[in-house]
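Chemist: Here is a sequence with its predicted model. Questions after.
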Number of protein chains: 2
Amino acid sequence: MDDVVKGVPAVWLRTLSKPMKNLFTPVSDKDAGEVFEKILEVGGVRIERIVSHGHTSPASGWYDQDEDEWVLVLRGSGKILFRDGSEHLLSAGDHLHISAHQKHKVTWTDPVAPTFWLAVFFPHSA
Amino acid sequence: MDDVVKGVPAVWLRTLSKPMKNLFTPVSDKDAGEVFEKILEVGGVRIERIVSHGHTSPASGWYDQDEDEWVLVLRGSGKILFRDGSEHLLSAGDHLHISAHQKHKVTWTDPVAPTFWLAVFFPHSA
């Protein structure tokens, strides 16, 4: 990708492009439920966009993941509850690191407007 | 972190807290130049917030990194130029994967309002 194309001024080759889907692109089918989309998966790292619209985790049970997760609210707001009883209200720009096997669930997301989450999953390092 | 506190109803323990600095927190000193802040470093993954305000890379030379990078514009806009001549205008929600040693530079950021970038660095996997 960083090869130089010989004999052609770089400026001729410049193209202003937007190759990847914008993370704020609305979900096409609002009735389809919570939408999980993989944005990138390279090596052990996986980046996902999640769009919630009043969705929460199932009432019983916890997420219990083998990977670490770093989660950021891009737009909207949601609440994450940990098994130890602590609960976090996250609005746009708020973020959390969730260690592997740190049990958690989403107890609330904004029912009025969609909430856009960014989640980065990566291998847990002990 | 996921221990249960025995004998105490979980609801008593709930605290709505915002433990981490919001990514849209303004830069305290606008005259300090472009600001790079480490948000998370766990295992081989490092997440940074960068706040630019009309800043660009030095006119000569390229970023040439040992790690892969995934970069997202959270707010504002900027242009990234690759050594192959392709240039990308990124606005809020736009993102790019920059492979290790894919030479690049920032050729423009919005001079009027700050641009907030999120950068995820991780080991390159061949």
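Modeler: Nice, I can see it.
Chemist: show me where chain A has strands.
Modeler: With DSSP state E as the criterion, chain A has strands at A:35-42, A:45-52, A:68-75, A:77-82, A:87-91, A:95-98, A:104-109, A:115-122.
Chemist: can I get those in CSV with mean neighbour count, distance to B:Lys38 and mean pLDDT?
Modeler: For every residue, glycine as well, the C-beta is placed using N, CA and C. Compiled in CSV, those are given as follows (neighbours: other C-beta atoms under 10 Å in any protein chain shown; distance: least, C-beta to C-beta, whole Å; pLDDT from 0 to 100):
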stretch, mean neighbour count, distance to B:Lys38, mean pLDDT
strand A:35-42, 14, 20, 94
strand A:45-52, 21, 17, 96
strand A:68-75, 22, 12, 97
strand A:77-82, 20, 22, 96
strand A:87-91, 19, 20, 95
strand A:95-98, 20, 13, 96
strand A:104-109, 20, 23, 96
strand A:115-122, 23, 14, 97
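Chemist: and those as CSV, adding distance to B:Asn22?
Modeler: Listed next are those as CSV, based on distance: least, C-beta to C-beta, whole Å:
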stretch, distance to B:Asn22
strand A:35-42, 22
strand A:45-52, 19
strand A:68-75, 10
strand A:77-82, 12
strand A:87-91, 8
strand A:95-98, 8
strand A:104-109, 18
strand A:115-122, 14
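Chemist: what would the ones you listed look like in TSV with distance to chain B?
Modeler: Shown next, in TSV, are those (distance: least, C-beta to the nearest C-beta, whole Å):
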stretch	distance to chain B
strand A:35-42	6
strand A:45-52	5
strand A:68-75	6
strand A:77-82	7
strand A:87-91	5
strand A:95-98	6
strand A:104-109	8
strand A:115-122	5
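Chemist: and B:Ala92, which of the ones you listed is closest to it?
Modeler: Distance to B:Ala92, taken as C-beta to C-beta, is lowest for strand A:68-75 among those, at 8.8 Å.
Chemist: name the helices or strands packed onto that closest one?
Modeler: strand A:87-91, strand A:95-98, strand A:115-122, strand B:35-42, strand B:45-52 (3 or more C-beta pairs under 8 Å, 6 or more residues apart in numbering or on different chains; DSSP states H and E).
Chemist: what's the burial count for A:Ala113?
Modeler: 12 (other C-beta atoms under 10 Å in any protein chain shown).
Chemist: so it makes contact with A:Ser91?
Modeler: No. Assessed by C-beta atoms under 8 Å, A:Ala113 is found out of contact with A:Ser91, at 11.8 Å.
Chemist: Show me the common contact partners of the two, please.
Modeler: By C-beta atoms under 8 Å, 6 or more residues apart in numbering or on different chains, A:Ala113 and A:Ser91 have these common neighbours: A:Gly76.
Chemist: can you count the residues close to the closest residue to A:Thr25 other than its chain neighbours?
Modeler: Excluding the flanking residues, the one nearest A:Thr25 by C-beta to C-beta, 6 or more residues apart in numbering or on different chains is B:Gly93, at 7.4 Å. For B:Gly93, the neighbour count with other C-beta under 10 Å is 20.
Chemist: Pull the contacting residues for B:Gly93.
Modeler: A:Asn22, A:Leu23, A:Phe24, A:Thr25, A:Leu74, B:Leu72, B:Val73.
Chemist: CSV please, covering those residues and showing distance to A:His104.
Modeler: Formatted as CSV, the contacts of B:Gly93 follow (distance: C-beta to C-beta, whole Å):
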residue, distance to A:His104
A:Asn22, 28
A:Leu23, 22
A:Phe24, 25
A:Thr25, 27
A:Leu74, 19
B:Leu72, 23
B:Val73, 28
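Chemist: Same list (the helices and strands packed on strand A:68-75) but as JSON lines, adding distance to B:Phe82.
Modeler: Rendered in JSON lines, the data for these read as follows (distance: least, C-beta to C-beta, whole Å):
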{"stretch": "strand A:87-91", "distance to B:Phe82": "34"}
{"stretch": "strand A:95-98", "distance to B:Phe82": "28"}
{"stretch": "strand A:115-122", "distance to B:Phe82": "23"}
{"stretch": "strand B:35-42", "distance to B:Phe82": "21"}
{"stretch": "strand B:45-52", "distance to B:Phe82": "18"}
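Chemist: No further questions, thank you.
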